[in-house]
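1. What follows is a predicted protein model with its sequence.
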Amino acid sequence: MITLRPAGERGHANFGWLDSRHSFSFGNYYDPAHMGFRALRVINEDRVAGGGGFPTHPHRDMEILTYVLSGALSHRDSMGNTATIHANEVQRITAGTGITHSEFNASDSEPVHFLQIWIVPEQRGLTPSYAEVAFPAETRQNQWRLLAGGNSSNGAIHINQDVDLYAALLTDGEQLNFPLRPGRHAWLQVAQGKVSLNGLSLEAGDGAAISDETQLEVLAHSDAEVLLFDLA
């Protein structure tokens, strides 16, 4: 079963400096039909104008992944980490018992476009930690690249949950398959471009919740960038 989550039906917040689309309930957007999917709690597509950003704020008991699509995002946190995240890089924060951090567009003039992803951890009260890994475009070109997972390997980031996050950059006309193990679920998020998933059309910003499927076929109808979550 595949349930589409069209981009245009997502929650929306626009503060001038921030234009944010919410796949699941977040902030002032509440929809009891869209509270998350399995351990996946938040997928926000954020565009932050030059010079804009989120001042210092707290988090706890969440695995937070940042996936930059274009531009650069500057980060500072209470663990002493200072970094600037660019496209082809992924950041993970284990908020655990509690952290504070700030995020600002690294440019005063150019926008930054990124996905912020929250995953509910396998247990509460974890020790906060930070990781950042670069994944060059060629490692995702027309192939699935594991970015983060509960049993991370091959340079992927460890997350404290039974979730594997893959990404792929597809050229127009290319197809990737993904076998789902028995009892597993998946979420496909189209970051850029147009694809079909088992024959269903999706465009940038669209998502799809997947259960009771054994094989996923993702066919690109333009150059595209997709994220795939393999979920317990």
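-> It's in.

2. can you list the domains in this structure?
-> Domain segmentation of the chain under automatic domain parsing yields 10-134, 137-231.

3. So which of the ones you listed is nearest residue 3?
-> When the domains of the chain are compared for distance to residue 3 using Cβ to Cβ, the nearest one is domain 137-231, at 4.5 Å. To be clear about C-beta, it is placed using only N, CA and C from the backbone, and glycine gets the same treatment.

4. Can you mark which positions in stretch 73-89 are buried?
-> Residues 73, 74, 75, 77, 81, 85, 87, 88, 89 are the ones in stretch 73-89 that count as buried (16 or more other Cβ atoms under 10 Å).

5. whoops, I mixed them up, stretch 212-225
-> Buried, per 16+ other Cβ under 10 Å, within stretch 212-225: 213, 216, 218, 219, 220, 224, 225.

6. avg pLDDT for that stretch?
-> For stretch 212-225, mean pLDDT rounds to 98.

7. Quick check: end-to-end length of it?
-> End-to-end distance of stretch 212-225 (Cα to Cα, to the nearest Å): 24 Å.

8. What of stretch 192-210?
-> Stretch 192-210 end-to-end distance (Cα to Cα) = 20 Å.

9. So which bits of it are buried?
-> 192-195, 197, 202-210.

10. Now intersect those residues with the strands, please.
-> 192, 194, 195, 197, 202, 203, 207, 208, 209, 210 (DSSP state E).

11. which of the residues you listed lies closest to residue 177?
-> Nearest to residue 177 among these, with distances taken as Cβ to Cβ, is residue 197, at 11.1 Å.

12. who touches the residue nearest to the spatial centre of the chain in this structure?
-> Against the mean C-alpha coordinate of the chain, by Cα atoms, centre = their mean, the closest residue is residue 117 at 4.3 Å. Residue 117 makes contact with 40, 42, 43, 44, 64, 65, 66, 67, 165, according to Cβ atoms under 8 Å, 6 or more residues apart in numbering.

13. what's the burial count for the first one?
-> Around residue 40 sit 24 other residues, with neighbours defined as other Cβ atoms under 10 Å.

14. Verify the stated contact: it with residue 163.
-> Yes: here residue 40 lies in contact with residue 163, judged by Cβ atoms under 8 Å, at a distance of 7.2 Å.

15. Name the residues contacting each of the two.
-> Common neighbours of residue 40 and residue 163 (Cβ under 8 Å, 6+ apart) are 119, 229, 231.

16. Now list the buried members of those residues.
-> For the shared contacts of residue 40 and residue 163, buried by 16+ other Cβ under 10 Å: 119, 229, 231.
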